[in-house]
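S.K.: need coordinates for the following:
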Amino acid sequence: MPNSKQMIKYGELLTYYLSLFTKKQQSYLVDYFLYDLSLQEIANKYQVTVMAISDSINRSKKVLDEYEKKLCLYQKACQRRKVYNEIRQSSVKQKLMEIDEF
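M.R.: The predicted structure is shown next:
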């Protein structure tokens, strides 16, 4: 089971990438990362094996990591949040433009 830091990370990644998964995967991921259900509870809910849920969650975590590595949506959002927290400082516009540069 992932630690609480990983649970938060993947929960936040789902904010950006959940729609890229199948409906079934979305259900598993939401139940696991957002509703904090155990693998056994999810398996019972969908009448599948714990191994099927575990495999799906583990594959999905790898996919989430790959999406973030390529798209950086979460990373950029974190950077934006930091800049927005500094909004009263000068050069905020320049900082935001730097974040969005490719």
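S.K.: what packs against the helix ranked longest in the chain?
M.R.: In the chain, assigned by DSSP state H, the helix with the most residues is helix 50-71. Here helix 50-71 touches helix 4-17, helix 23-29, helix 39-46, helix 73-85, going by 3 or more Cβ pairs under 8 Å, 6 or more residues apart in numbering; DSSP states H and E. For glycine as for every other residue, the C-beta is placed from the backbone atoms N, C-alpha and C.
S.K.: which one of those helices lies nearest to A52?
M.R.: Set against A52 and scored by Cβ to Cβ, these come closest in helix 39-46, at 7.0 Å.
S.K.: buried ones in the closest one?
M.R.: L39, I42, A43 (16 or more other Cβ atoms under 10 Å).
S.K.: which residues does the longest helix of the chain contact?
M.R.: 10, 13-14, 16-17, 20-21, 24-25, 28-29, 32, 39-40, 42-43, 46, 73-75 (Cβ atoms under 8 Å, 6 or more residues apart in numbering).
S.K.: ok so, going back, now distance to E101 and mean pLDDT too, for the helices and strands packed on helix 50-71, in TSV please.
M.R.: Listed next are the helices and strands packed on helix 50-71 as TSV, based on distance: least, Cβ to Cβ, whole Å; pLDDT from 0 to 100:
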stretch	distance to E101	mean pLDDT
helix 4-17	19	94
helix 23-29	31	98
helix 39-46	41	98
helix 73-85	10	88
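S.K.: for A77, which non-adjacent residue is spatially closest?
M.R.: Distance criterion Cβ to Cβ, 6 or more residues apart in numbering; nearest residue to A77, sequence neighbours excluded, is Y16 at 7.4 Å.
S.K.: G11 too?
M.R.: Nearest to G11 is F33, by Cβ to Cβ, 6+ apart, at 4.5 Å.
S.K.: run a quick neighbour tally on the one you found.
M.R.: 24 (other Cβ atoms under 10 Å).
S.K.: what do you get for L34?
M.R.: Using other Cβ under 10 Å: L34 sits among 14 other residues.
S.K.: does it touch L14 like I think?
M.R.: Yes - with contact defined as Cβ atoms under 8 Å, L34 reaches L14; the gap is 6.9 Å.
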